[in-house]
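Peer 1: show me how the following folds:
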Amino acid sequence: MGHAVAIVPTLSRIISTRQQIATHISVKQISNNNMPLDVDKCLETLKNGECVSEQELRQLCLFVSELLMEESNVQPVISPVTVVGDLHGQYFDLLNMFKIGGWPPDTSYVFLGDFVDRGHNSVETLSLLLCLKMKYPGNITLLRGNHEVGFFFKILFCFYESS
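Peer 2: Below you'll find the predicted structure:
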């Protein structure tokens with residue numbers, strides 16, 4: 001006795017799985033209805049080469065840290081995906097990469113860490129990645145590099161010291 005097998009095109013499986021991942025993550029407490037942060041406004045600010053406010057960055061850090069804590073240590077990544085290595089704060093290179101490769105959700109990305117350091121725009125680089133992770137959690141995968149551990153503590157320490 002044979003089993004009936006439904007043949008589903010690869011593209012349909014990719015789209016279905018990607019939507020399930022994005023829905024699973026975004027249905028949690030982090031949604032635009034519960035957020036005092038306007039992520040779209042932050043993205044426009046960052047795309048124009050400007051910094052988000054300190055308060056917006058604090059909220060981004062809090063919301064995305066909750067999102068990342070809910071993710072598995074082994075994160076499923078649906079192909080096709082663009083893999084990006086060491087950004088080192090090269091913000092305008094990151095903007096150019098999105099211009100060439102496409103912005104999420106049209107293109108999915110895995111960032112291999114080392115978002116900060118060396119470049120003059122580490123805060124902008126990290127802010128943009130956090131905004132994109134928050135808005136498109138199923139299309140952005142952030143892996144921690146060796147530069148992020150100290151950087152996050154420095155940011156949080158400076159925020160608390162200035163409060």
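
Peer 1: CA only for contacts and neighbour counts going forward, please
Peer 2: OK.

Peer 1: now for the protein, the helix or strand with the poorest mean pLDDT.
Peer 2: In the chain, the helix or strand scored least confidently by mean pLDDT, DSSP states H and E is helix 10-26, which has a mean of 46.

Peer 1: what packs against the following helix or strand past that one?
Peer 2: Scanning forward in sequence from helix 10-26 by DSSP states H and E, the next helix or strand is helix 39-47. Counting by 3 or more Cα pairs under 8 Å, 6 or more residues apart in numbering; DSSP states H and E, the packing neighbours recorded for helix 39-47 are helix 122-135.

Peer 1: give me the contacts around the very next helix or strand once past the helix it packs on.
Peer 2: Remark: after helix 122-135, the chain's next helix or strand is strand 140-142, criterion DSSP H and E. Among residues not part of strand 140-142, those counted as contacts by Cα atoms under 8 Å, 6 or more residues apart in numbering are 75, 77, 104, 108, 109, 110, 111, 112, 113, 132, 133.

Peer 1: which residues does the first one contact?
Peer 2: It stands for residue 75. Residues counted as contacts of residue 75 (Cα under 8 Å, 6+ apart) are residue 141.

Peer 1: helix/strand/coil for it?
Peer 2: coil (DSSP: H, G, I helix; E, B strand; the rest coil).

Peer 1: okay, it: pLDDT?
Peer 2: We note a pLDDT of 85 for residue 75 in this prediction.
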